[in-house]
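Undergrad: structure for the following, please:
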Amino acid sequence: MKKSFQSIFYLLIAAASLHAATTITGTVTNGTNSKPAAGVEVILLKLEGGMSEEARTKADAQGRYKITAENGGAPHVLRVMHQNVSYNQPLPPGTENKDVIVYDAAKKVEGISANVDAMWIKAEPGTGQAQVAEMFVVKNSSTPPRTQMSEKSFEFTLPPGAIVEFSDAMSPGGIPIKTAAVPQGQNHYAFIFPLRPGETTFQIGYHLPYSGELKLEPTANYAVDHVAVGIPKSMQFAPTSSGSAFQLMREENGVEMYVATSVKPGQALGFKVSGTGAFPREQDNAQTLDPNSADGRAANNLPGGGLGRPEETPDALHKYRWWLIGGLLLILIGGAAWTVTRTAPLPAVAAAAPASRSALLLDALKEELFQLESERLQGKLSPEEYEKAKSALDSTLQRAIRRQS
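TA: Alright, predicted model coming up:
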């Protein structure tokens, strides 16, 4: 009985602490000149039932700030505004200190390059459509580091007839934010999204009419280190350009990945896909994704993670395996969100907010699922921790999808 009362007491203390106010302090530094970012706006956003502003302050002359989260047990995001660009930092429950680095912004900076352009194509029988999820990884290695921000921060081309279903952008170390792909002309689009120092990831999903065969002529607007195409193994891939640079890097777990490296602007990359197929279900891949699986296969043997040749040859895309896994997971665990967003076309303005709090929550859950899978693959989570977190996220995701529907 005594132990029972003690347990109840500790639970009550823990529950009370979830709602206790937390004071968060930190310093904001200008990474362009290495000086304190005096006077910048510091905004605290609460992620409960959506995203709402909870508090606001300004950094002092030394770049220091202090702000209070009324419910310290809830997840928050710290947003710092500098030269009309926001720098967001996640604040897990209980965070009491968070330093932030911001950068000066310009419409054009030197040192912008495209590292990866990867697309996944599937065509399920009877749909009359090919669904494509495409991902761009853009690197900003400017010196001194600055953020590129303009009405055309990143431009790209989609195939003729593409109908955009969703798009988002993720800054270095951030979470995906629903961001519209703004039409610039025939088949030409741009993201109005800051390219902060480091690697920014853009994702876009679209569908095309499909009658059993699809010819694509990707056009690289930038020099790209790696262009990758992933298809279900039941479909066929064939280059249509002479001297095509595409090579089959590996076929694994029902997915084939074709990669071209060191692609120059305007280089011919034509190919066609035919047949039908879908990517393996997430649960079918669970054993393969698990680096501790009984068959001993390592995590980098899966599509995206195992795009390299056998172990004696360096993996050209090893550095980007998490982005490539994320692109595949976008189809596997993001399929529900894809289905939901198909009923509501994206607005043609980049600053458009999600239609509802449920949509914001759905975006955050997608990122959490991706991060969870990535941490498991890197061995940062025990099987027990993974299962507990995955179960909670799955339950919340289903509720969010039902509300969105």
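Undergrad: rest of the way, CA atoms for contacts and neighbours
TA: Fine.
Undergrad: low-confidence ranges in this structure?
TA: Applying pLDDT under 70 to the chain flags residues 1-19, 49, 243, 281-381, 386, 390-405.
Undergrad: domain parsing for it?
TA: 17-102, 112-353 (automatic domain parsing).
Undergrad: please produce JSON lines containing these, extended by mean neighbour count and distance to residue 389.
TA: Converted to JSON lines, those look like this (neighbours: other C-alpha atoms under 10 Å; distance: least, C-alpha to C-alpha, whole Å):
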{"stretch": "domain 17-102", "mean neighbour count": "18", "distance to residue 389": "14"}
{"stretch": "domain 112-353", "mean neighbour count": "19", "distance to residue 389": "15"}
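Undergrad: put together CSV for those, with distance to residue 383 on each row.
TA: As requested, these are exported to CSV (distance: least, C-alpha to C-alpha, whole Å):
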stretch, distance to residue 383
domain 17-102, 22
domain 112-353, 9
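Undergrad: which residue is the nearest non-sequential neighbour of residue 79?
TA: Distance criterion C-alpha to C-alpha, 6 or more residues apart in numbering; nearest residue to residue 79, sequence neighbours excluded, is residue 88 at 4.4 Å.
Undergrad: contact partners for the one you found?
TA: 77-80, 174 (C-alpha atoms under 8 Å, 6 or more residues apart in numbering).
Undergrad: can you do 10 Å?
TA: 42-45, 77-81, 100-102, 171-175 (C-alpha atoms under 10 Å, 6 or more residues apart in numbering).
Undergrad: and the domains of the chain: which comes nearest residue 384?
TA: Across those, residue 384 has its closest neighbour in domain 112-353 (12.8 Å, C-alpha to C-alpha).
Undergrad: quickly run through the sheet partners of the helix or strand residue 202 falls within, with directions.
TA: Element membership of residue 202, judged by DSSP states H and E, is strand 198-209. Its sheet considered, strand 198-209 pairs with strand 129-140 (antiparallel), strand 163-170 (antiparallel) by DSSP bridges.
Undergrad: returning to what we had before: which one of the domains of the chain lies nearest to residue 388?
TA: domain 112-353 (15.2 Å).
Undergrad: ok, the nearest residue to residue 128 once chain neighbours are set aside - contacts?
TA: Computed as C-alpha to C-alpha, 6+ apart, the closest residue to residue 128 that is not its neighbour in sequence is residue 210, at 5.0 Å. Going by C-alpha under 10 Å, 6+ apart, residue 210 touches 123-124, 126-131, 274-276.
Undergrad: list the beta-bridge partners for the closest residue to residue 62 other than its chain neighbours.
TA: Leaving aside its sequence neighbours, residue 62 sits nearest to residue 36 (C-alpha to C-alpha, 6+ apart; 5.4 Å). Beta-bridge pairing for residue 36 (DSSP bridges): residue 29.
Undergrad: got a list of what residue 36 touches?
TA: 27-30, 59-64, 101-102.
Undergrad: just to revisit the earlier point, separation between the residue nearest to residue 128 and residue 221?
TA: Separation of residue 210 from residue 221 (C-alpha to C-alpha, to the nearest Å): 26 Å.
Undergrad: do residue 158 as well
TA: 11 Å.
Undergrad: all strands for the stretch 1-150 of the chain, in order.
TA: 22-30, 35-36, 41-46, 52-58, 64-69, 76-82, 85-91, 100-102, 105-106, 112-122, 129-140, 147-148 (DSSP state E, counting those that start in this stretch).
Undergrad: in TSV: those strands, plus distance to residue 187.
TA: Conversion of these to TSV gives the following (distance: least, C-alpha to C-alpha, whole Å):
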stretch	distance to residue 187
strand 22-30	38
strand 35-36	43
strand 41-46	36
strand 52-58	35
strand 64-69	45
strand 76-82	33
strand 85-91	28
strand 100-102	34
strand 105-106	27
strand 112-122	17
strand 129-140	15
strand 147-148	23
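Undergrad: ok, which of these comes nearest residue 162?
TA: Closest among these, using C-alpha to C-alpha: strand 129-140, at 9.2 Å.
Undergrad: C-alpha coordinates for that closest one, CSV please?
TA: Provided in CSV are the C-alpha atoms of strand 129-140 (Å, rounded to 0.1, in the frame of the first residue of the first chain):
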residue,chain,number,x,y,z
GLN,A,129,-1.3,7.6,-63.2
ALA,A,130,2.4,7.6,-62.4
GLN,A,131,3.1,9.1,-59.0
VAL,A,132,6.4,10.8,-58.5
ALA,A,133,8.1,12.0,-55.3
GLU,A,134,11.1,14.2,-56.1
MET,A,135,13.7,15.6,-53.7
PHE,A,136,16.4,18.2,-54.2
VAL,A,137,19.3,18.7,-51.7
VAL,A,138,20.8,22.2,-52.2
LYS,A,139,24.0,23.2,-50.6
ASN,A,140,25.0,26.8,-49.5
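Undergrad: now the strands paired with strand 198-209 in TSV, with distance to residue 182?
TA: Listed next are those as TSV, based on distance: least, C-alpha to C-alpha, whole Å:
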stretch	distance to residue 182
strand 129-140	16
strand 163-170	10
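Undergrad: which of those sits closest to residue 230?
TA: Nearest of the strands paired with strand 198-209 (C-alpha to C-alpha): strand 129-140, 9.8 Å.
Undergrad: quick one, phi psi at residue 190?
TA: Torsion angles at residue 190 (phi, psi; degrees, to the nearest 10) stand at phi -150, psi 150.
Undergrad: for it, what are its contacts?
TA: Per C-alpha under 10 Å, 6+ apart, neighbours of residue 190: 151-157, 180-184, 350.
Undergrad: return the member of those nearest to residue 21.
TA: For these, the nearest to residue 21 is residue 350 (34.8 Å; C-alpha to C-alpha).
Undergrad: hmm, residue 207 is touching residue 133, no?
TA: Yes. Here residue 207 lies in contact with residue 133, judged by C-alpha atoms under 10 Å, at a distance of 8.7 Å.
Undergrad: any residues in contact with both of the two?
TA: With C-alpha under 10 Å, 6+ apart, residue 207 and residue 133 have common neighbours 121-122, 164-165.
Undergrad: of those residues, which is the nearest to residue 141?
TA: For the shared contacts of residue 207 and residue 133, the nearest to residue 141 is residue 164 (29.8 Å; C-alpha to C-alpha).
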